[in-house]
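Novice: predicted model and sequence below, questions to follow.
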Amino acid sequence: MAIIENTIASGGAAYKANRDGMLALIARMRALEDRTRAASAAAKDRFHKRGQLLPRERVALVLDPGSPFLELSTLAGYMFDVPDANKSVPGGGVIAGIGFVCGIRCMVSANDAGIDAGALQPFGLDKTLRVQELALENKLPYVQLVESAGANLLRYRVEDFIRGGNIFRNLARLSAAGLPVVTVTHGSSTAGGAYQTGLSDYIVMVRGRTRAFLAGPPLLKAATGEIATEEELGGAEMHTSISGLGDYLAEDDRDALRIAREIMDKLEWDRPKAAQNNFRPPRYDAEELLGVMPMDHKRPVDMRQAIARFIDDSDFTEFSPNYGPATVCGHARIEGQAIGIITNNGPLDVPGANKATHFIQACCQSRTPLLYMNNTTGYMVGREYEEAGMIKHGSKMIQAVTSATVPQITIYCGASFGAGNYGMCGRGFHPRFCFSWPNAKTAVMGGEQAAETMAIVTEAAAARRGKPVPKEQLEAMKAQIVGVFDGQMDVFSTSARVLDDGVIDPRDTRAILSEVLAVCREGDARNPQRMQFSVARP
């Protein structure tokens, strides 16, 4: 056993400052999530008056009571719907996450029809494409609860129309991969969105509420002059008795969700077995994760102290600890599930990159999933490091990440700057799951470094022209650059752009990692083209 010793002084001023900063960020995140729920719930009277359930009520009823639900990308689209931080409603107009339906682990996606009638919100497309990608990658059945006014024509962008086709392509891919697509169409599913219903394996429609047509009455009249009611064009009774689009006719939302659950219950599909409990919890309190990470990414931190608070028994077998010590690699378990961990106690140097490359390859050999805990300002720069082959060895690390044959999970814990983001399996390298702690920062470099770089380049160009740049102009330019960088590097900006799968409370890290490791293991067991990885000790 290699127990990590505690070095955190929980009574110290630095710890308290870290904790207060982290709690403030968590409170901000929760307030935004609550704002979205409140905006949707404000439609409660309208929904209930017409005999409908709110979107979150639908999600709750389709899921197994008391089962875990890992909601994804809750900050998607923040500040892109309206540029006012006090009025923006994040979430992309979609509720999505991984949960259990009749004992089957599924991806569940629901249009949040309580907000703008379920019309597509900024980055809602990106969020939907991401959860479909996760369902495909992890071999999860796909349950979708549809009620959408479609695209907002006042915000029409041709790229959204073109990229939106990927939603329908992915539904076809899910079905072709043997993953059931079960759809309850609670309300509108119109124009291109009709294929969201049509490309499903099992379709439940609600009498008097479902509407599925390629052209609604206004468009139909404008295009052909024909006049028809919504019910005649695409009502549930017509589709379940005449067109054959619908498979099941439900009396109301509750009945429709009951039918969807019955469909899932009858599927021949492996149900996850009860998890073994023969593991020891961490020796240190997860609450202390609030005070581990400094709010200033320039301040050093020993990431082992974070690891110690979410792995089994705080038992961490470190790999090659004396070589490239700023790069920390090692083996651990999370609720009995084996995992290899790579993290940073500083920039990535040549020995650190070599060690990480070796460790990634070793984990692939032993079929051990990998966790990357990003906390780096990038690869080392300078003449000494260039001569030592920093580019060459950093490239080998990036190749190892790209070629890894085991599930890779990424958590942005602190800084994730420059090519360090790539070497540490940033979002662009398609980790199986990618989450952020609220304090994380992601950028090509720090704002001050970017500003200073551009100032040097500008001064050099001006000197060549023989026209020095006034100091005031340089300072204004630097301030502008810092503002641009700082305005895009925090998690409220990156998660808004769906550059992760969600921001998580550090105290939930162990539970979330345990859940996604189980998802990866079950998914790979259903995929004969992937090497399975083991859980239990031999």
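Specialist: Looks like it arrived, so ask away.
Novice: please make it C-alpha for all contacts and neighbour counts, starting now.
Specialist: Will do.
Novice: show me the strands in the stretch 51-200 of the chain, by range?
Specialist: 70-71, 94-101, 104-111, 142-148, 181-190 (DSSP state E, counting those that start in this stretch).
Novice: residue 339 sits in which helix or strand?
Specialist: Taking DSSP states H and E as the criterion, residue 339 maps to strand 337-344.
Novice: ok, and what's touching that strand?
Specialist: For strand 337-344, the external contacting residues (Cα atoms under 8 Å, 6 or more residues apart in numbering) are 303, 326-333, 356, 363, 368-376, 424, 514, 517, 534-536.
Novice: buried ones from the residues you listed, can you make that a PyMOL selection?
Specialist: Selection of buried members from these for PyMOL, criterion 16 or more other Cα atoms under 10 Å:
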select buried, resi 303+326+327+328+329+330+331+332+333+356+363+368+369+370+371+372+373+374+375+376+424+514+517+535
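Novice: just to revisit the earlier point, so which of the strands of the stretch 51-200 of the chain comes closest to residue 436?
Specialist: strand 70-71 (13.7 Å; Cα to Cα).
Novice: how far away is residue 325 from residue 306?
Specialist: 16 Å (Cα to Cα, to the nearest Å).
Novice: next, count neighbours for the closest residue to residue 18 other than its chain neighbours.
Specialist: Sequence neighbours aside, residue 291 is the residue nearest to residue 18 in space, at 4.7 Å (criterion: Cα to Cα, 6 or more residues apart in numbering). Look at residue 291: counted by other Cα atoms under 10 Å, it has 23 neighbours.
Novice: again, but for the one 3 residues further on
Specialist: Other residues within reach of residue 294, judged by other Cα under 10 Å, total 20.
Novice: quick one on the thing from earlier: as a whole number, average confidence for the strand holding residue 339?
Specialist: Here strand 337-344 scores 98 as its mean pLDDT.
Novice: quick check: what element follows that strand along the chain?
Specialist: helix 350-365.
Novice: tell me the first helix or strand C-terminal of that next one.
Specialist: That would be, after helix 350-365 and using DSSP H and E, strand 370-376.
Novice: gap between residue 469 and residue 449?
Specialist: Using Cα to Cα, residue 469 is found at 19 Å from residue 449.
Novice: who touches residue 380 in this structure?
Specialist: 347-349, 390.
Novice: tell me where this structure is predicted with low confidence.
Specialist: For the chain, applying pLDDT under 70 flags the ranges 275, 528-538.
Novice: quick check: closest non-adjacent residue to residue 509.
Specialist: residue 310 (6.7 Å).
Novice: in three-state terms, label that neighbour for me.
Specialist: When classified by DSSP: H, G, I helix; E, B strand; the rest coil, residue 310 comes out as coil.
Novice: contacts only, for it.
Specialist: So residue 310 contacts 281-282, 286, 334, 509-510 (Cα under 8 Å, 6+ apart).
Novice: export those as a markdown table, with columns for neighbour count, distance to residue 314 and secondary structure.
Specialist: Below are the contacts of residue 310 laid out as a markdown table (neighbours: other Cα atoms under 10 Å; distance: Cα to Cα, whole Å; DSSP: H, G, I helix; E, B strand; the rest coil):
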| residue | neighbour count | distance to residue 314 | secondary structure |
| --- | --- | --- | --- |
| 281 | 19 | 8 | coil |
| 282 | 20 | 5 | coil |
| 286 | 17 | 11 | helix |
| 334 | 23 | 10 | strand |
| 509 | 22 | 14 | helix |
| 510 | 19 | 12 | helix |
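Novice: tabulate those residues (CSV), appending distance to residue 455.
Specialist: Conversion of the contacts of residue 310 to CSV gives the following (distance: Cα to Cα, whole Å):
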residue, distance to residue 455
281, 51
282, 48
286, 44
334, 47
509, 41
510, 44
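Novice: wait, doesn't the residue nearest to residue 18 sit right on residue 19?
Specialist: Yes. With contact defined as Cα atoms under 8 Å, residue 291 counts as touching residue 19 (4.1 Å).
Novice: between the two, which contacts overlap?
Specialist: Counting by Cα under 8 Å, 6+ apart, residue 291 and residue 19 have no contacts in common.
Novice: quickly note the distance from residue 283 to residue 4.
Specialist: From residue 283 to residue 4 the distance is 9 Å (Cα to Cα).
Novice: before we move on, back to that, make CSV out of the strands of the stretch 51-200 of the chain and add mean neighbour count.
Specialist: Listed next are the strands of the stretch 51-200 of the chain as CSV, based on neighbours: other Cα atoms under 10 Å:
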stretch, mean neighbour count
strand 70-71, 16
strand 94-101, 24
strand 104-111, 25
strand 142-148, 26
strand 181-190, 26
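Novice: distance to residue 233 for those strands - can I get that in CSV?
Specialist: Below are the strands of the stretch 51-200 of the chain laid out as CSV (distance: least, Cα to Cα, whole Å):
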stretch, distance to residue 233
strand 70-71, 35
strand 94-101, 26
strand 104-111, 22
strand 142-148, 17
strand 181-190, 11
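Novice: pull out the buried positions in stretch 476-485.
Specialist: 477-478, 481-482, 485.
Novice: in the stretch 151-300 of the chain, which spans are helices?
Specialist: Taking DSSP state H, counting those that start in this stretch as the test, the helices found in the stretch 151-300 of the chain are 158-176, 194-198, 217-224, 230-234, 236-238, 253-266.
Novice: show me the one of these that comes nearest residue 316.
Specialist: The nearest among those, by Cα to Cα, is helix 158-176 at 38.1 Å.
Novice: so how far is that closest one off the chain centroid?
Specialist: 19 Å (Cα atoms, centre = their mean, to the nearest Å).
Novice: swap in stretch 25-42?
Specialist: Using Cα atoms, centre = their mean, the offset of stretch 25-42 from its chain centre is 17 Å.
Novice: now stretch 385-393
Specialist: In terms of Cα atoms, centre = their mean, the centre of stretch 385-393 is found 33 Å from the chain centre.
Novice: how about stretch 159-179?
Specialist: 19 Å.
Novice: hmm, who's touching it?
Specialist: The contact list for stretch 159-179, computed with Cα under 8 Å, 6+ apart, reads 125, 128-129, 132-133, 135-136, 139-142, 180-181, 195-196, 199-201.
Novice: check stretch 272-286 too.
Specialist: In contact with stretch 272-286 (Cα under 8 Å, 6+ apart) are residues 6, 103-105, 308-314, 335-336, 506-507, 522.
Novice: got the CA positions of it in CSV?
Specialist: This file holds the C-alpha atoms of stretch 272-286, laid out as CSV (Å, rounded to 0.1, in the frame of the first residue of the first chain):
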residue,chain,number,x,y,z
PRO,A,272,-25.8,-3.5,-14.5
LYS,A,273,-25.1,-5.7,-11.6
ALA,A,274,-25.1,-4.3,-8.1
ALA,A,275,-21.7,-2.7,-7.4
GLN,A,276,-19.4,-4.5,-5.0
ASN,A,277,-18.8,-2.7,-1.7
ASN,A,278,-15.6,-4.4,-0.7
PHE,A,279,-13.5,-1.2,-1.0
ARG,A,280,-12.4,1.4,1.5
PRO,A,281,-13.4,5.1,1.2
PRO,A,282,-10.7,7.8,1.0
ARG,A,283,-9.0,8.4,4.3
TYR,A,284,-9.6,12.2,4.0
ASP,A,285,-12.8,14.1,3.9
ALA,A,286,-14.0,15.1,0.4
